[in-house]
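**Student:** I would like to see how this sequence folds:
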Amino acid sequence: MKRRTIYYTDELNDDFAGTNIVTKETPADYRYVRKNPLWHAAAFLLYHVVARPFAFAWAKLRYGLRVVGREKLRAARGKGVFLFGNHTLVAGDAFHPNLVTPGRRTYIVTGADAVSVRGLRNVVAMLGAMPLPSGRAGYRNFLAAMKSRIARGKAIVIFPEAHIWPYYTGIRPFGSAPFLYPVTTGAPSYAITTVFSRRGARRAPRVTLYVDGPFFPDASLSPGAARDKLRDEVYAAMTARAEKSECDLVTYVRAENADRAEAESAGEAGEAESA
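**Tutor:** Sure thing, here's the model as predicted:
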């Protein structure tokens with residue numbers, strides 16, 4: 001695949017997904033949990049019969065996906081779990097987590113943009129999207145749905161980096177706020193780190209998903225301190241795994257360093273020509 005350079009200004013808030021979706025607010029009364037049996041039947045068929053097999057085939061053909069450490073989830077068999085991953089692929093981050101937990105229904109916490117496309121809102125919801133509320137009034141509803149799914153033994157995926165940086169090989173800084181969810185539910189957490197390796201100049205890189213954990217909230221600490229400790233443990237596991245990436249398809253350069261990067265690139269090209 002062709003190498004490219006992306007310039008960023010804000011490591012915490014810049015997003016390079018390139019979807020150009022006009023985001024609509026998630027209403028406070030958004031229906032995370034549906035009671036209609038026909039809706040549930042359609043969701044079951046779409047998720048298990050269509051989406052999961054397609055995700056498996058796509059991941060294998062496109063990225064040669066491997067999952068390392070899936071057996072660690074056996075420690076939480078029958079329990080709800082949280083999976084925290086790095087946000088590096090547009091479609092892959094929607095597909096790949098479902099292949100980490102083959103025997104468990106998986107839901108993914110998303111931005112409001114995931115359910116903003118007219119005609120696809122129900123489809124995305126059936127596939128497991130849980131859009132974050134757009135205001136404080138919606139959080140009680142959101143948390144109730146999350147607790148219900150954890151209590152029923154489901155997996156909830158969170159990308160704490162929040163924004164997509166395609167093929168980024170490090171772990172960007174992220175806060176501890178999302179780790180309050182496992183603290184309040186008592187559920188175990190796992191790190192699922194996407195790592196890239198070379199497969200030839202014209203092919204997409206191989207993706208390996210490393211599973212680490214379980215990490216449990218420290219009941220001896222206050223909720224805030226337990227949240228921060230859990231974040232640090234997951235961040236350390238993800239950072240260690242990210243060091244296994246061995247191909248840099250995209251170079252990310254801070255915008256104020258752009259002129260210097262271009263000058264260095266021009267200098268290297270000049271040296272190559274003179275040689």
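**Student:** ok, now how distant is residue 168 from residue 93?
**Tutor:** 12 Å (C-beta to C-beta, to the nearest Å). Every residue, glycine included, has its C-beta placed from N, CA and C.
**Student:** and residue 206, by the same measure?
**Tutor:** In terms of C-beta to C-beta, residue 206 sits 16 Å off from residue 93.
**Student:** go on, residue 129?
**Tutor:** Going from residue 129 to residue 93 by C-beta to C-beta gives 12 Å.
**Student:** what do those two both touch?
**Tutor:** Listed contacts common to residue 129 and residue 93 are residue 108; contacts here mean C-beta atoms under 8 Å, 6 or more residues apart in numbering.
**Student:** which parts of the stretch 151-275 of the chain are helices?
**Tutor:** Under the criterion DSSP state H, counting those that start in this stretch, helices of the stretch 151-275 of the chain are mapped to 180-185, 223-242, 258-274.
**Student:** what is the least confident helix or strand in the chain?
**Tutor:** Least confident helix or strand of the chain, by mean pLDDT, DSSP states H and E, is helix 258-274 with a mean of 52.
**Student:** neighbour count winner among residue 168 and residue 93?
**Tutor:** Ranked by neighbour count (other C-beta atoms under 10 Å), residue 168 and residue 93 place residue 168 first, with 24 against 20.
**Student:** now do the same contact list for residue 80.
**Tutor:** Residue 80 neighbours (C-beta under 8 Å, 6+ apart): 149, 150, 151, 152, 153, 154, 155, 156, 185, 187.
**Student:** correct me, but the last one touches residue 82?
**Tutor:** Yes. Under the criterion of C-beta atoms under 8 Å, residue 187 lies in contact with residue 82, with a separation of 5.8 Å.
**Student:** so what's the closest residue to residue 40 other than its chain neighbours up against?
**Tutor:** Nearest non-adjacent residue to residue 40, counting by C-beta to C-beta, 6 or more residues apart in numbering: residue 34, 6.6 Å away. By C-beta under 8 Å, 6+ apart, residue 34 lies in contact with 40, 43, 125.
**Student:** and residue 30, how far is that from residue 150?
**Tutor:** Look at residue 30 and residue 150: by C-beta to C-beta, they are 18 Å apart.
**Student:** intersection of neighbour lists for residue 187 and residue 82?
**Tutor:** Counting by C-beta under 8 Å, 6+ apart, the residues touching both residue 187 and residue 82 are 150, 181.
**Student:** what segments of this protein are strands?
**Tutor:** Under the criterion DSSP state E, the chain contains strands at 4-8, 66-68, 81-85, 106-110, 129-131, 155-158, 189-197, 206-215, 250-254.
**Student:** take those and lay them out in a markdown table including distance to residue 241 and mean pLDDT.
**Tutor:** Shown next, in a markdown table, are the strands of the chain (distance: least, C-beta to C-beta, whole Å; pLDDT from 0 to 100):
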| stretch | distance to residue 241 | mean pLDDT |
| --- | --- | --- |
| strand 4-8 | 22 | 89 |
| strand 66-68 | 9 | 95 |
| strand 81-85 | 11 | 97 |
| strand 106-110 | 20 | 93 |
| strand 129-131 | 25 | 90 |
| strand 155-158 | 16 | 96 |
| strand 189-197 | 4 | 96 |
| strand 206-215 | 4 | 95 |
| strand 250-254 | 19 | 88 |
